[in-house]
Structure formats: C-alpha cells, structure tokens
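Asker: sharing a model prediction with you, sequence too.
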Amino acid sequence: MVRQIASAVSALLLLAPAAALAQARILQFRSAEDPASPPDPAVCAAAPFKVNVRIGGTLYAYETRASDGKVAQDDVRAIGKATACVQLTNFAFPPGLAQNFLLQIHLGDGVYTALGTCTIVSNDVPKAGLVLAGCNLRLVGFPPGVLGGAVTSVSTFNPFRLDGFATGSYWTAQIYDRDAAPERKTDSSRAMEWIEGGDDDSK
C-alpha cells in the first residue's frame, strides 16, 4: 500500500504543470477588529454556509525581532482591510471544534477570498471566555495571474468582550503566481518518509 501511495504521488508530480512548481509568494500580516473597517455584508451573504457572525478589520504589516522572531511592532503600517464570516455552532467554544470560516482581504494587488475552517484550540487561556483558534483556508478567489494557495492563522476571539483583550489574528498566506520563477531549492525526494505498516490497509 505504501509503495502504491508513493507511486501515485510520483505520477501526480510528473503530470503537474510546470507552474505548479513555481516559487510561492509568502505574505505575513496581522488583522485587528476595527470599527473603521466594518464587515461587508455582501461578502457574508455569498458564503456557502449560514453566517451568524461577521467581523471587520484592518490588516497591518508587522516587524519581528531578528534574534528570536518575537513580534516587536504589530502595526507598522496598514496594508488593507478584511471581512470575516463565521458559522458558530457551539457558544461554549469547546477545544477541537471546527467552524466554517470565509475570509476576504483587500490588498494592494487585489482582492483575495479564502474558505475553510477555524478549529478552536482553547477557551480559557489566559482567561476563561477568551478563545484561541487556528484557521486553515484555501484561496478560492484571487486576482488575475494567481493560481491559488493557502491562508493560515493563529487567532484570538473575544466573543464575551473581556476587558484587556481584542479580536485579531496573525496570518500567513502562501500564494502561487502563474509567472513566478521556479523554486530555488527543492528536497521532495528526501522530505517525506513512508513508513511500512503505518496505514490501516497494510494491517
């Protein structure tokens, strides 16, 4: 079974267009809930799920400390705005619960829309009622010349409006452009190790 999987992966790589091997463009930014950037109701009305929470925010570039990666300044410059659309199904916010999530961001080169889920990590750190989550989204809308990509986050939600906390996220976007240069370094032949007996079909 493992050999079949490896062979299938190799075949997919051979069949993939050259553009799929292009170097990714990486963006990192922070989103912060902002009354000056209200959510766009039209974005949430077009979501493929029933939305019961809308969040509007401003996007900021941020700086990290070279010695250890700690964020040194999280609002260096505003770079855009965002609308987030959420379907909350359990207001106890239990850890492990995945919730539908749609994100639209306006950047200098155009509008990007990403769809997926945010999974709740905790609901009591550092204080009961504050929700930490991680979002995993696929780009489903983007400017011309973009092939697609993924957007992930570590997010803080303050649904109960606890004093001293704000709703916001740190995002990483991995974007593939049609005309991007090839990867400078590849290590696919060594990056993954298939383990015999590691899947149910091999038992």
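Answerer: The structure has been received and is ready for your questions. Numbers count the residues shown, from 1 in each chain.

Asker: all helices in this structure, in order from the N-terminus.
Answerer: Along the chain, counting by DSSP state H, helices occupy 2-15, 41-45, 188-191.

Asker: lowest mean pLDDT across those, which one is that?
Answerer: Of all the helices of the chain, the minimum mean pLDDT falls on helix 2-15 (a mean of 47).

Asker: tell me the contacts of the spatially most central residue of the chain?
Answerer: Taking C-alpha atoms, centre = their mean, the centroid of the chain lies closest to residue 152, which sits 2.0 Å from it. Residue 152 makes contacts with 134, 135, 136, 137, 171, 172, as judged by C-beta atoms under 8 Å, 6 or more residues apart in numbering. Bear in mind the C-beta positions are built from the backbone N, C-alpha and C, glycine included.

Asker: my guess is the last one contacts residue 25, does it?
Answerer: No - if you go by C-beta atoms under 8 Å, residue 172 and residue 25 don't touch, sitting 11.5 Å apart.

Asker: only the buried residues of the top strand by length along the chain, if you could.
Answerer: Secondary structure assigned by DSSP state E gives strand 71-87 as the longest strand of the chain. Going by neighbour count (16 or more other C-beta atoms under 10 Å), the buried part of strand 71-87 is 79, 80, 81, 82, 83, 84, 85, 86, 87.

Asker: for stretch 55-74, same thing?
Answerer: Neighbour-count burial for stretch 55-74, counted by 16+ other C-beta under 10 Å, picks out 55, 56, 57, 58, 59, 60, 61, 62.

Asker: nearest to residue 36 among the buried residues of strand 71-87?
Answerer: Nearest to residue 36 out of the buried residues of strand 71-87 is residue 81 (C-beta to C-beta; 8.8 Å).

Asker: on that earlier part again, redo the buried residues of strand 71-87 as JSON lines? Include distance to residue 181 and pLDDT.
Answerer: Shown next, in JSON lines, are these (distance: C-beta to C-beta, whole Å; pLDDT from 0 to 100):
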{"residue": "79", "distance to residue 181": "24", "pLDDT": "96"}
{"residue": "80", "distance to residue 181": "25", "pLDDT": "97"}
{"residue": "81", "distance to residue 181": "30", "pLDDT": "97"}
{"residue": "82", "distance to residue 181": "29", "pLDDT": "98"}
{"residue": "83", "distance to residue 181": "32", "pLDDT": "98"}
{"residue": "84", "distance to residue 181": "32", "pLDDT": "98"}
{"residue": "85", "distance to residue 181": "35", "pLDDT": "98"}
{"residue": "86", "distance to residue 181": "37", "pLDDT": "98"}
{"residue": "87", "distance to residue 181": "39", "pLDDT": "98"}
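
Asker: pull the most distant pair out of the residues you listed.
Answerer: Longest distance between any two of the buried residues of strand 71-87 is 27.3 Å, between 79 and 87; criterion C-beta to C-beta.

Asker: which outside residues touch stretch 44-54?
Answerer: Here stretch 44-54 makes contact (C-beta under 8 Å, 6+ apart) with 39, 41, 83, 84, 85, 86, 87, 88, 100, 102, 115.
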